[in-house]
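Peer 1: need a structure here:
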Amino acid sequence: MQADREPTKLPPLSQAALAPAKGEAPKPLTADQDRQVRTDGDLRDLLLKKPRGAREAEWLGGGDGWLSLASYSGTFGRPDEQFSQFIHDEFRRAAVRGWQVDSTRTVQIRLIQFHQEEVLSALEGSDTGRHWAGWKREGDTDRWPIPGTGDGEAFVHNRPEAQPETATPVYHAEAHAWRGDIEMEIWVTSTERIDKKEIMDLARRQMERL
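Peer 2: Sure thing, here's the model as predicted:
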């Protein structure tokens, strides 16, 4: 029946004609102004530098600064489930840097980048980190917003915990924030309680580099 009929004309477009813009077109952003140029480059260059006098973290293994999906998943309680979740979350790559100050204090910073074609994974990852940081030691944890990050937060856990590899209890502090397609995690351990100023300074300076 349709083949014997005359084609039906389409209705006119309802959108009015757009007036052309006046003046010169804006100039392209320079590499210093275009954030995507930085975040698409070597992700390791965006990590904070090891402070003078600190030692490279031996626990990071090869030390090339990259953290594979398998290695990153292995930092969670159920690595196999987390591996599958990161596949769903469009994991792209992760960079890590760590250092040790004398024999009592360690710092580790991770930048996790996602493709974010379907899911806002950097935001969701940061939300999850903040949720667990505040919940797992509720009542023994102080928390503060990280200025300039929207919903980023830093945490200081006031009760030391024993470590499997050593009998000496250690204190923990952490920070979670995100920008664009990059999630930031900072982890600090020490045999002495970690000051708010230290974790906040690390988080602020790292987010400024993003």
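Peer 1: Residue 174: helix or strand, and which one exactly?
Peer 2: strand 166-179 (DSSP states H and E).
Peer 1: helices or strands up against whichever helix or strand comes after that strand?
Peer 2: As assigned by DSSP H and E, the chain's next helix or strand after strand 166-179 is strand 182-190. Packing contacts for strand 182-190, counted by 3 or more Cβ pairs under 8 Å, 6 or more residues apart in numbering; DSSP states H and E, involve strand 105-114, helix 121-135, strand 166-179, helix 196-209. Glycine gets a C-beta too; all of them are placed from N, C-alpha and C.
Peer 1: hang on, the earlier thing: give me the sheet partners of the strand holding residue 174 and which way each runs.
Peer 2: Sheet partners assigned to strand 166-179 using DSSP bridges are listed as strand 153-163 (antiparallel), strand 182-190 (antiparallel).
Peer 1: List the residues that contact the most centrally placed residue in the chain.
Peer 2: Nearest to the mean C-alpha position of the chain, counting by Cα atoms, centre = their mean, stands residue 183 at 1.5 Å. Contact partners of residue 183, counting by Cβ atoms under 8 Å, 6 or more residues apart in numbering, are 111-114, 121-122, 125-126, 129, 176-177.
Peer 1: Tell me the confidence at it?
Peer 2: At residue 183, the model reports a pLDDT of 97.
Peer 1: Run through the bridge partners of it.
Peer 2: In this entry, residue 183 is beta-bridged to residue 112, residue 178, by DSSP bridges.
Peer 1: One more: the one 4 residues further on?
Peer 2: In this structure, residue 187 has the following beta-bridge partners (DSSP bridges): residue 108, residue 174.
Peer 1: pretty sure it is in contact with residue 108, am I right?
Peer 2: Yes. Using Cβ atoms under 8 Å, residue 187 is in contact with residue 108, at 4.6 Å.
Peer 1: Averaged over its residues, which helix or strand of this structure has the lowest pLDDT?
Peer 2: Between all helices and strands in the chain, the lowest mean by mean pLDDT, DSSP states H and E belongs to helix 35-39, at a mean of 71.
Peer 1: returning to what we had before: can you tell me which of the helices and strands packed on strand 182-190 comes nearest to residue 148?
Peer 2: Of all the helices and strands packed on strand 182-190, it is helix 196-209 that lies closest to residue 148, at 6.6 Å by Cβ to Cβ.
Peer 1: Would you enumerate the residues in contact with the residue lying closest to residue 181 once chain neighbours are set aside?
Peer 2: What sits nearest to residue 181 in space, not counting adjacent residues and going by Cβ to Cβ, 6 or more residues apart in numbering, is residue 116, at 4.6 Å. Counting by Cβ under 8 Å, 6+ apart, residue 116 touches 90, 122, 181.
Peer 1: neighbours around the residue nearest to the first one when sequence neighbours are not counted, how many?
Peer 2: Distances taken as Cβ to Cβ, 6+ apart put residue 115 closest to residue 90, at 4.0 Å, once the chain neighbours are dropped. A count of nearby residues for residue 115, using other Cβ atoms under 10 Å, gives 13.
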